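Asker: The sequence and its predicted three-dimensional model are supplied below.
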Amino acid sequence: MKQGAIGIFDSGFGGLSVWRVLREQLPCESIVYLGDGARCPYGSRPADDVRRYAEEAVERLLDEGCKLIVVACNTATAVAISYLRAKYKDVPFVGLEPAVKPAALATRSGVIGVLATERSLSGDHFRRAEATYGSQVRIIKGVGEGFVEAVERNEESLPETERLVRRVVRPMVEAGADKIVLGCTHYPFLRDVIARVAGEGVEIIDSSQAVCRRVASLLDEADARAAEGEVPRYDFLSFADEEYVERLRAKALGCLTLKTK
Ligand code: DGL
């Protein structure tokens with residue numbers, strides 16, 4: 001693995017929920033974050049389109065000299081990561097998948113909820129996880145309709161957003177779910193409202209910590225960590241306009257206080 005920054009991309013702001021954990025766990029690493037912004041949300045778009053956007057993001061991050069790329073988007077991981085790995089053989093990729101396994105292993109009620117986009121829930125990664133664990137636990141799937149848009153508009157605390165969350169989360173809880181998996185990187189921005197709507201005794205699970213541990217171990221294996229004491233740079237790119245990049249920066253600063261557990 002060469003030297004350089006870690007690259008990370010998403011359809012928009014969502015991957016910042018991974019970016020902030022990366023920053024915390026790997027404080028000497030420079031990170032280039034690309035939030036598409038021009039084609040967000042990806043979740044209901046055709047797979048071929050999302051694959052093309054992911055490829056464009058990777059090209060852009062490689063132009064920036066990135067040494068490893070985090071596909072901080074469950075939707076793009078579902079449709080594009082195999083393609084990206086085959087096309088860019090020398091580039092290490094880390095993707096995001098709904099954390100079905102830890103939820104299925106830890107549930108006491110035998111029921112788990114999985115929140116994700118339509119495209120992630122119909123992807124091979126999720127289908128495989130469902131086939132593996134669906135015989136041991138009941139998996140209730142739900143598309144977070146309007147969640148991505150609410151996060152992109154900074155509307156996490158509006159009553160209307162809570163109504164959207166209630167519509168999909170309450171049926172999971174009423175069916176007995178004691179774990180709810182956040183299968184989209186935008187959803188951790190709604191963690192407080194999801195937890196409030198779900199009520200006590202329901203654990204909210206997201207994959208950011210596990211993904212960042214994977215990044216750290218890949219860097220260690222390749223002896224490619226930034227030197228101790230290195231002052232990191234945090235750059236932000238987008239396929240949208242400069243105003244979007246400014247909003248991305250502001251969201252990044254704001255998410256440093258976001259809860260991860
Ligand atoms: N944040 C992304 C994900 O993890 C994409 C959401 C979207 O653009 O629909 O799936």
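Answerer: Thanks, I have it. Numbers count the residues shown, from 1 in each chain.
Asker: in the chain, which residue is closest to the centre?
Answerer: Thr185 (2.8 Å; Cα atoms, centre = their mean).
Asker: Settle this for me: that residue is touching Ala72, isn't it.
Answerer: Yes: with contacts counted by Cβ atoms under 8 Å, Thr185 reaches Ala72, the gap being 5.3 Å. Glycine gets a C-beta too; all of them are placed from N, C-alpha and C.
Asker: related to what we said a few turns ago, looking at the closest residue in space to the residue nearest to the centre of the chain that isn't next to it in sequence now. What's its pLDDT?
Answerer: Sequence neighbours aside, Gly14 is the residue nearest to Thr185 in space, at 3.7 Å (criterion: Cβ to Cβ, 6 or more residues apart in numbering). We have a pLDDT of 98 for Gly14.
Asker: again, but for Lys261
Answerer: So Lys261 comes in at 62 (pLDDT).
Asker: With Cys255 instead?
Answerer: For Cys255, pLDDT reads 87.
Asker: Now do the SS call for it.
Answerer: helix (DSSP: H, G, I helix; E, B strand; the rest coil).
Asker: who's in contact with Tyr33?
Answerer: 8-9, 15-16, 19, 234-237, 248, 252 (Cβ atoms under 8 Å, 6 or more residues apart in numbering).
Asker: 10 Å - rerun?
Answerer: 5-10, 13, 15-16, 18-19, 22-23, 61, 70, 72, 234-238, 245, 248-249, 252 (Cβ atoms under 10 Å, 6 or more residues apart in numbering).
Asker: So among these, which ones count as buried?
Answerer: 5-10, 13, 15-16, 18-19, 22-23, 61, 70, 72, 236-238, 245, 248, 252 (16 or more other Cβ atoms under 10 Å).
Asker: Filter those residues down to the ones in helices?
Answerer: 16, 18-19, 22-23, 61, 245, 248, 252 (DSSP state H).
Asker: which one of those sits closest to Glu203?
Answerer: Nearest to Glu203 among those is Val18, at 19.4 Å by Cβ to Cβ.
Asker: Could you measure from the residue nearest to that closest one when sequence neighbours are not counted over to Asp10?
Answerer: Leaving aside its sequence neighbours, Val18 sits nearest to Ala72 (Cβ to Cβ, 6+ apart; 4.2 Å). Ala72 sits 5 Å away from Asp10, going by Cβ to Cβ, to the nearest Å.
Asker: overlap in contacts of those two?
Answerer: 16-19, 33-35, 96, 185.
Asker: Report how many residues lie close to the nearest residue to Gln25 once chain neighbours are set aside.
Answerer: Leaving aside its chain neighbours, Gln25 sits nearest to Cys212 (4.7 Å; criterion: Cβ to Cβ, 6+ apart). Close neighbours of Cys212, defined as other Cβ atoms under 10 Å, add up to 23.
Asker: residues contacting Cys212?
Answerer: Taking Cβ under 10 Å, 6+ apart, one finds 6, 18-26, 70, 94, 260 in contact with Cys212.
Asker: ok, the residues you listed vs the ligand, which is closest?
Answerer: Ranked by distance to the ligand (Cβ to the nearest ligand atom), these are led by Val18 at 9.1 Å.
Asker: where along the stretch 1-150 of the chain do the helices fall?
Answerer: Shown for the stretch 1-150 of the chain, the helices assigned by DSSP state H, counting those that start in this stretch span residues 16-25, 47-63, 74-87, 100-106, 118-121, 124-133, 147-152.
Asker: With respect to Val168, which of the ones you listed lies nearest?
Answerer: Closest to Val168 of these, according to Cβ to Cβ: helix 147-152, at 8.4 Å.
Asker: got the residues of the stretch 51-200 of the chain near the ligand?
Answerer: Within the stretch 51-200 of the chain, the positions near the ligand by Cβ under 6 Å from any ligand atom are 73-75, 96, 117, 120, 148, 184-186.
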